[in-house]
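Undergrad: here are the coordinates; sequence isn't available:
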Ligand SMILES: NC(=O)CC(=O)C(=O)O
């Protein structure tokens, strides 16, 4: 299956500095998204936990209810803010993530919502791989103490451009998920994410380049800005990598917006020059994209 991008598209990654006041964060998000739109961005991406602090102790108090869909404004102010903002900005809006409470099961999720320029909800991705790590004396984090995991690869069709995949942060460490999305025709993988100052320096860019070079498509990773007064120190460095694994744009750690143009010709040129798609040896190893994969695609 080809990874078709129908026409070049300008992408903006909004590396937001958010605080503890959700209403304020939503207003600030609006300002920055409209700024990205004024610069011509047609796909605008927000960070993981874009309107709250990131951390297990914060998930329950910031959680919103998304089901049944559409939720009321009381159930999910973020849902409505993002939908309206997609309309105002006339762009596809990949709304980072928010903590979600599913009231039918009483489970919490880390959930990303994607809206069309008409404000329609196109996709909901619940973080599939929970961030449970323990690097002695450096960082211990256990999302699974509070969150439950999603169970689908999320592929979204953006009619003017083509298909993209949405996943969240730790999901990028799992090449299978990216491979499945790429082999189902995505031209880009979007990861709202919040790596930290321990794992970020070694792994953030490396993983973006790895997923890009493995799959010969674009990868975009959008982080919150770093706040040294917060309990969790986000790495920042939002970036876009092209299909040859070249970093097209990369932020520093403070609040900013970075832009890149994704172009289908670059995907084709890369695949023509290094034709790994036609050289795979499924007689030697299996094609993981065909083995009972759970995909949520429009
Ligand atoms: N925060 C995450 O989900 C992932 C992360 O920080 C890492 O993998 O490192």
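TA: Received the coordinates, thanks. Note that the coordinates shown come from a computational prediction; the quantities given were computed from them, not determined experimentally.
Undergrad: helices or strands up against the host helix or strand of residue 27?
TA: Element membership of residue 27 [criterion: DSSP states H and E] is helix 22-38. Here helix 22-38 touches strand 9-15, strand 43-45, helix 77-89, strand 256-262, going by 3 or more Cβ pairs under 8 Å, 6 or more residues apart in numbering; DSSP states H and E. (Glycine included, C-beta is placed from N, CA and C.)
Undergrad: So which of the ones you listed is nearest the ligand?
TA: Of all these, it is strand 9-15 that lies closest to the ligand, at 15.1 Å by Cβ to the nearest ligand atom.
Undergrad: pLDDT (mean, whole number) over the closest one?
TA: The pLDDT scores in strand 9-15 average 98.
Undergrad: Out of the helices and strands packed on helix 22-38, flag the one nearest residue 229.
TA: Set against residue 229 and scored by Cβ to Cβ, the helices and strands packed on helix 22-38 come closest in strand 9-15, at 17.1 Å.
Undergrad: for the helices and strands packed on helix 22-38, which one ends up most surrounded?
TA: Using mean count of other Cβ atoms under 10 Å, the stretch among the helices and strands packed on helix 22-38 with the greatest mean number of neighbours is strand 43-45 (a mean of 28).
Undergrad: circling back: now the helices and strands packed on helix 22-38 as TSV including distance to the ligand?
TA: Shown next, in TSV, are those (distance: least, Cβ to the nearest ligand atom, whole Å):
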stretch	distance to the ligand
strand 9-15	15
strand 43-45	16
helix 77-89	19
strand 256-262	19
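Undergrad: Make TSV out of those and add distance to residue 234.
TA: Formatted as TSV, those follow (distance: least, Cβ to Cβ, whole Å):
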stretch	distance to residue 234
strand 9-15	9
strand 43-45	15
helix 77-89	19
strand 256-262	13
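Undergrad: Might you report the residue contacts of the residue nearest to residue 120 when sequence neighbours are not counted?
TA: In space, and not counting its chain neighbours, residue 120 is closest to residue 83: 7.8 Å by Cβ to Cβ, 6 or more residues apart in numbering. Shown in contact with residue 83 (Cβ atoms under 8 Å, 6 or more residues apart in numbering): 70, 115, 119, 120, 121.
Undergrad: Same check on residue 13?
TA: Each residue near residue 13 by Cβ under 8 Å, 6+ apart is listed here: 45, 220, 221, 222, 238, 239, 240, 249, 251, 257, 258, 259.
Undergrad: how about the residues of the stretch 101-250 of the chain near the ligand?
TA: Neighbours of the ligand within the stretch 101-250 of the chain, by Cβ under 6 Å from any ligand atom: 131, 169, 170, 173, 194, 195, 196, 199, 203.
Undergrad: now these: which count as buried?
TA: Taking 16 or more other Cβ atoms under 10 Å as the criterion, what is buried in those is 131, 169, 170, 173, 194, 195, 196, 199.
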